[in-house]
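Q: Sequence below, structure please.
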Amino acid sequence: MRWLRWHRRDDAAAQTEPGADPSDLTPVVVPMRVEDLDAILVIERASFPTPWSRRAFLSELTENAYARYYVAKVGGRVIGYAGTWAVLDEVHVTNVAVHPSWRNQGIGHRLMEAIVAQADASRCRRVTLEVRRSNLVAQRLYESFDFVRRGVREGYYTDTHEDAFVMVRERSFPESAGMDP
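A: Prediction:
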């Protein structure tokens, strides 16, 4: 799982889209669209030493039936994103990133809220992710959503060969009345 956030700055990247209401600084999380890819790639390149390509994101959005991607927007401008793969009753978080200008604004928290809410609404019993051993901020965020460490993937990150903690959030749901197991 890839995750990174930065500090918010008053620079051109933090400005809203033309025609958007700049006074509306309430972040919203919505499904990612192909039209969001230019902004996603800016965040991706600023966030990771081995960024995903446009083609990788396009494939996730248009070809992967298991993929669900979200964007956080302020005033119509993409400021963060997160992705998941949902298979049966399990969700795997593939990546979370926030624009450098928006660190410590709760954007990563809002993205994780959307992921967890969708998993719960879909009655997914498990949400999993990998996080860098050194990324204590992300680990605390995930722990705030009841994720716990369940293992280590040694040398998981190819850019630095850093280990990843495997973190899991589990839920149980009562069986529906009148349905056979």
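Q: so Val87 makes contact with Tyr66?
A: Yes. Under the criterion of CB atoms under 8 Å, Val87 makes contact with Tyr66 at 5.4 Å. For every residue, glycine as well, the C-beta is placed using N, CA and C.
Q: Confidence-wise, which helix or strand of the protein is lowest on average?
A: Using mean pLDDT, DSSP states H and E, the weakest-scoring helix or strand in the chain turns out to be strand 2-4, at a mean of 42.
Q: Name the next helix or strand following it along the chain.
A: strand 28-31 (DSSP states H and E).
Q: Can you mark which positions in the helix or strand that that following strand is followed by are buried?
A: Downstream of strand 28-31, the first helix or strand assigned by DSSP H and E is helix 37-47. Neighbour counts over helix 37-47 (16 or more other CB atoms under 10 Å) mark Leu37, Ala39, Ile40, Ile43, Glu44, Ala46, Ser47 as buried.
Q: Give me the mean pLDDT for the following helix or strand past helix 37-47.
A: Tracing the chain past helix 37-47, the next element assigned as helix or strand by DSSP H and E is helix 54-62. Average pLDDT, helix 54-62: 97.
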